[in-house]
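*Asks:* quick one: sequence and predicted model below, then my questions.
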Amino acid sequence: MRKQIMALLVGATLMMGAGSAWAVPYTWTDTVSFNPAELIGWFESTSYTHDLTDNTPVAFTPGQDLITNYSLKVALHDDGGRKDYGEIAFIDQPGVLKDGFYNFDYTNNTFGWSLAGLIALNSYGTLEVTVKSTYGDFYLDSSVLTANGCDNTPVPEPGTMMLLGAGMLGLAIFGKRRMNKEA
């Protein structure tokens, strides 16, 4: 009897360990390339969407995975027009914070995360971006969204596994006592 109870306890312990939930740190990346580059004329704008739910090898799953921060990198270049004395582009993402003006001295600019953008990414897995010309015309080459967070694989809760193990142990003890009374 003692060996059977020990075997059941070992089995229940293994089941509880197997049910541990894991959250694995993960980075999702989505690139939107404009090929050919998209011309944004004077005082015009264009919008596009980054979608992390269609990524490979691991797609972001809203409601299951968690994004803790992200960065947005935008690549623009001057069209080389003679009448342009300097371009000014405004990069708009959800929310008020982390919108910004593009500096044409660099090949690309990185913009941080906004609270509204973080909520949109965690809720839907998408981020809407708008590039506006406030002065001049230029080309939009590409945009890269890099999101960091946790990839949560669906596993049973540890509490559920403990309850199942305790129930199996109770049934084994009840069955053993019943057999001893009948004998």
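*Replies:* Yes, it's here.
*Asks:* residues near residue 170, how many?
*Replies:* 11 (other CB atoms under 10 Å). The C-beta positions use only the backbone N, C-alpha and C, and glycine is treated the same way.
*Asks:* again, but for residue 35
*Replies:* A count of neighbours around residue 35, defined by other CB under 10 Å, yields 7.
*Asks:* do you know how far it is from residue 140?
*Replies:* 11 Å (CB to CB, to the nearest Å).
*Asks:* now do residue 170
*Replies:* 65 Å.
*Asks:* check residue 150 too.
*Replies:* Distance from residue 150 to residue 140, by CB to CB: 32 Å.
*Asks:* who has more neighbours, these two?
*Replies:* The neighbour count for residue 150 versus residue 140, taken as other CB under 10 Å, is higher for residue 140 (21 against 14).
*Asks:* for that one, which non-adjacent residue is spatially closest?
*Replies:* Excluding its sequence neighbours, the residue lying closest to residue 140 (CB to CB, 6 or more residues apart in numbering) is residue 38, at 4.5 Å.
*Asks:* figure out the helix or strand that that neighbour lives in.
*Replies:* Residue 38 belongs to strand 23-40 when assigned by DSSP states H and E.
*Asks:* got it, and residue 171?
*Replies:* If you go by DSSP H and E, residue 171 is part of helix 158-182.
*Asks:* so what does that helix touch, helix or strand wise?
*Replies:* Here helix 158-182 touches helix 2-18, going by 3 or more CB pairs under 8 Å, 6 or more residues apart in numbering; DSSP states H and E.
*Asks:* on that earlier part again, so what's the residue nearest to residue 140 up against?
*Replies:* With contact set as CB atoms under 8 Å, 6 or more residues apart in numbering, residue 38 has these partners: 46, 139, 140.
*Asks:* any chance of TSV for the residues you listed, columns pLDDT?
*Replies:* Output for the contacts of residue 38, formatted as TSV (pLDDT from 0 to 100):
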residue	pLDDT
46	96
139	92
140	94
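*Asks:* between these, which is nearest residue 78?
*Replies:* Nearest to residue 78 among the contacts of residue 38, counting by CB to CB, is residue 139 at 7.7 Å.
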